[in-house]
Structure formats: C-alpha cells, structure tokens
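Engineer: please work out how this folds:
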Amino acid sequence: PAAFADWTLTFSDEINGPAGSQPAAPWVLKNERWYPNQELQVYTNRPDNVFLDGQGHLVLRAKEEVYTINGKTGSYTSGRIATGDYEQPSGFSQQYGKWEARIKAPVGNGLVSSWWTVGEGEYWPKNGEIDIVELVGRYLDKYFPGIHAAKLDGSHWTLGKTITKPNVLAGWHTYTMVWTPGQIVLSMDATDPTQGWVLKKENFLLPRVWPFDDRPHRAILCLSVGGTFGGAPDGTTVFPADFLVDYVRVYTDNAVTPPPPPPAAPNPRQTAREGLIAGRALTAEEADVTVNP
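Structural biologist: Predicted coordinates for the structure are as follows:
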C-alpha cells in the first residue's frame, strides 16, 4: 500500500540456507526445559529440532521423546528461536515498524505455533509481549493474536482475540503487525495490514499499563507442546510435527523516530521473581523460568 512507500527494510531472513543447516546470527536457539503454561516440551538447539530444509524454509520440529537437560526432563522436544535473549545481547530488536512472517503451522491436539515479540531491558510482563499470532493445532479455522503486560502492581494482564477464518491451518499464511506510537494492528493475509485487529493505548486504563511505547522488541518463533492453551497431545497427534517458516521481515517507518528506551529497573529479575512468587504462589524455580520467557 502507498502507506508503506517510505518504509525501509531493517531485518530480513529469507531462509535460503542448505538442508540441515541452522539459523545464523542474530537468531539464538533456546536450549532448556520449558515450564510456563504447564507446557511439556524441552526446547533444544539440536538439528533434530531446529533446521533448514534446503527448500527455503525453517523447520521447528516437535518430537515425542523423553529428553533431559540440566537435570530437568520433558516428554517432548521442540524448537524455539529469537533474535536475542536475556543472557545474550540482542542481534536485532526494534521499536515500532511492520513485522511479518509467512508461516505454516502443524495440525494436532497439543501443538501451538507462535510468532511473537517481547520487549528489551525489562522482565516479563513489564516489558510487554505481543503475540502477532498463536496457531493452535486443534482449531483448524481459528487464529489467536494478543498482548500481555503488567498492571501497576506488577501483576500480569492480557487481552487476546479469537478470529475465525476458513482453512487457517490448511496452508501458508502471512501474519503481520503494524506497530506505531500508541497503536498495534495485527492481521492475517491483509492486502493492507494497517487494517486488522486494532489495539490503542487510549483504550487501556489504569491499573493496566501500556508498555508498548517504552522499548524495542525482539522477534521469537516457537512450537510448543501441551499446556493450558494447546491442550494435551493424544493418539490423533502425529509426531514429528513441523512448524514451517518461509521468511521473516521487519520494516521501519522513516517518518517515526522512536524515543530512547527508559533505563532498566534496578534488579529487574529479582523484582519480577518476588512479585511472581508472592502474587502467584510460584516456587523460586518456576519464577526464574517465568520471568525469562
């Protein structure tokens, strides 16, 4: 659309590497047992779970196998990649812009394919999370965008939407976020991605805090197994299950100058841990994982 004539491509992965290779920097491959949402998988950095197929696609593969990492065991393995991590400086992050990925999600109970972002320099949920899309393998004709953030007291709030369209999981689709000051628009296969599900800062009243004008975000792709959203795999779920990614592209609007990010809060991990433990009755171990998504 003409609205994007002045936008500049700032990040692009067209995923054209040889078969069996893995995503290169700035992508970081997760390698840990994953507990949030009661999920069942271990994310690994093995080529068994994260690889390029040589035909222009990234494959995040979920497998039914018992796997132990750092003394913690899961009954499935899968893949998750991000353009940075808390423990590793981000290779790519950006505030605002147009973010899009062309993806194909697997069908099956217990499978959730996600294309999302989280903010830098703070811990969840204060940093803000934007779920450009979550695709649940048991819902063939639905997709789920949403956002997560913190209230004034640091507790979590979320808003999601269920959007019904035919054949969501039947093929390839492009999911896009257009993020501008005070507004986020999330869409699927939109001719004009400025039209879609619109979230405006002005509509979110205290105690809910809108953190999406505060800091740049990094990109994340993952395939999870089980959990409160995906449900449990069953005898109809086929493994291995593959989440395919054709490309990821991010643009910036030359007309918008993002403000400098605010300084990080002192000891944000400890603050987040204490809040989660007190507010949600989590163990210290569970809180450590939850504040480092």
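Engineer: could you list the low-pLDDT ranges of the protein?
Structural biologist: Scanning the chain with the threshold set as pLDDT under 70 gives 1-3, 87-90, 261-293.
Engineer: helices of that one, start to end?
Structural biologist: 227-230, 268-280, 284-290 (DSSP state H).
Engineer: ok, for the spatially most central residue of the chain, nearest residue in space, not its chain neighbours?
Structural biologist: Per CA atoms, centre = their mean, the C-alpha nearest to the average position across the chain is that of Trp116, at 2.7 Å. Leaving out its chain neighbours, the residue that sits closest to Trp116 by CB to CB, 6 or more residues apart in numbering is Asp131, at 4.6 Å. Any C-beta I mention is one placed from the backbone N, CA and C, and that applies to glycine too.
Engineer: let me see the contact set for that neighbour.
Structural biologist: The contact partners of Asp131, by CB atoms under 8 Å, 6 or more residues apart in numbering, come to 114-116, 144-148, 160.
Engineer: same check on Pro240?
Structural biologist: 61-64 are the contacts of Pro240 under CB under 8 Å, 6+ apart.
Engineer: now with 6 Å?
Structural biologist: Neighbouring residues of Pro240 by CB atoms under 6 Å, 6 or more residues apart in numbering: 61, 63.
Engineer: quick check: phi and psi at it.
Structural biologist: phi -70, psi 150 (degrees, to the nearest 10).
Engineer: burial count for Trp172?
Structural biologist: Residues within reach of Trp172, counting by other CB atoms under 10 Å, total 13.
Engineer: meant to ask about Asp85, not that
Structural biologist: Counted with other CB under 10 Å, Asp85 comes out at 16.
Engineer: isn't the residue nearest to the centre of the chain right up against Leu221?
Structural biologist: No. Taking contacts as CB atoms under 6 Å, Trp116 lies outside contact range of Leu221: 8.1 Å.
Engineer: in CSV, list the contacts of Asp131 along with distance to Glu39.
Structural biologist: Below are the contacts of Asp131 laid out as CSV (distance: CB to CB, whole Å):
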residue, distance to Glu39
Ser114, 11
Trp115, 17
Trp116, 15
Phe144, 16
Pro145, 20
Gly146, 17
Ile147, 20
His148, 16
Gly160, 17
